[in-house]
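In: The sequence and its predicted three-dimensional model are supplied below.
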Amino acid sequence: MDSFLTNLRKKHVEQGKVPKMDVETIQLIIEEEWEEFINEDNMEPEGATKRILAEQSGLLNNEVFFLKALTTLIDLNTNNVRYPNLQTIKNLNFEVEKMKEVIGETTLKKLQKEWKFSGDDLA
C-alpha cells in the first residue's frame, strides 16, 4: 500500500494538484477504496472499514492523517449506507477520541483554522 500512496502522491505532484501528501488526499484515498469495496466487491460496510484500516495501516505513522481516515470512515459509515452499523461507528469514534488526545487540543484548533477538519469531524 505504501507504493500505492507514493504513486498517488507522485501523480498529484506531477499534475500540480498538491505539493505534498495532505489530509484532502487521504480523504480521497479512503473514499475511493470505500467505493471499490462496497460497489465493486459487494463488501459489507463493516468489512470494508476493517479492510481499509488494514490496508492503510501506514497512516498510523502520522496521527493527523490517521485521524482524517477515521473521520472519513465515520462519515461513510453514517451517511453512505442503508443501515448504519452502530458498533462500527462507536469503535471508530473511540479511536477518534484517542487520536485527538494524542494530537492535542492546540494542534486540533490549528487544523480546524486551516480547514483541514470541520467542526463536525472533531465533535
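Out: Done, it's in.

In: Would you mind measuring from Met43 to Asn85?
Out: 13 Å (Cβ to Cβ, to the nearest Å). Quick note: C-beta positions are derived from backbone N, CA and C, even for glycine.

In: now do Glu46
Out: 5 Å.

In: Neighbours of the residue lying closest to Pro45 once chain neighbours are set aside, how many?
Out: Ranked by Cβ to Cβ, 6 or more residues apart in numbering and with sequence neighbours excluded, the top spatial neighbour of Pro45 is Val81, at 4.8 Å. Val81 is flanked by 17 other residues according to other Cβ atoms under 10 Å.

In: what kind of secondary structure is Val81 in?
Out: coil (DSSP: H, G, I helix; E, B strand; the rest coil).

In: Hmm, it is touching Met43, no?
Out: No: using Cβ atoms under 8 Å, Val81 makes no contact with Met43, being 11.4 Å away.

In: which ones are touching Pro84?
Out: Going by Cβ atoms under 8 Å, 6 or more residues apart in numbering, Pro84 touches 45, 77-78.

In: quick one: the residue nearest the centre of the chain from Tyr83, how far?
Out: Residue closest to the average C-alpha location in the chain (Cα atoms, centre = their mean): Ala69, at 1.4 Å. Distance, Ala69 to Tyr83, by Cβ to Cβ: 23 Å.

In: Isn't Thr78 up against Leu86?
Out: No: look at Thr78 against Leu86 with Cβ under 8 Å: they stay out of range, at 9.7 Å.

In: between those two, which one's more packed in?
Out: In this view Thr78 and Leu86 are compared by other Cβ under 10 Å, and Thr78 has more residues nearby, 15 against 10.

In: For the chain, which segments are assigned as helices?
Out: 2-14, 23-35, 45-55, 63-79, 86-103, 105-113 (DSSP state H).

In: Could you check the second one and say which residues are buried?
Out: Of the residues in helix 23-35, those buried under the neighbour-count criterion (16 or more other Cβ atoms under 10 Å) are 23, 25-31, 33-34.
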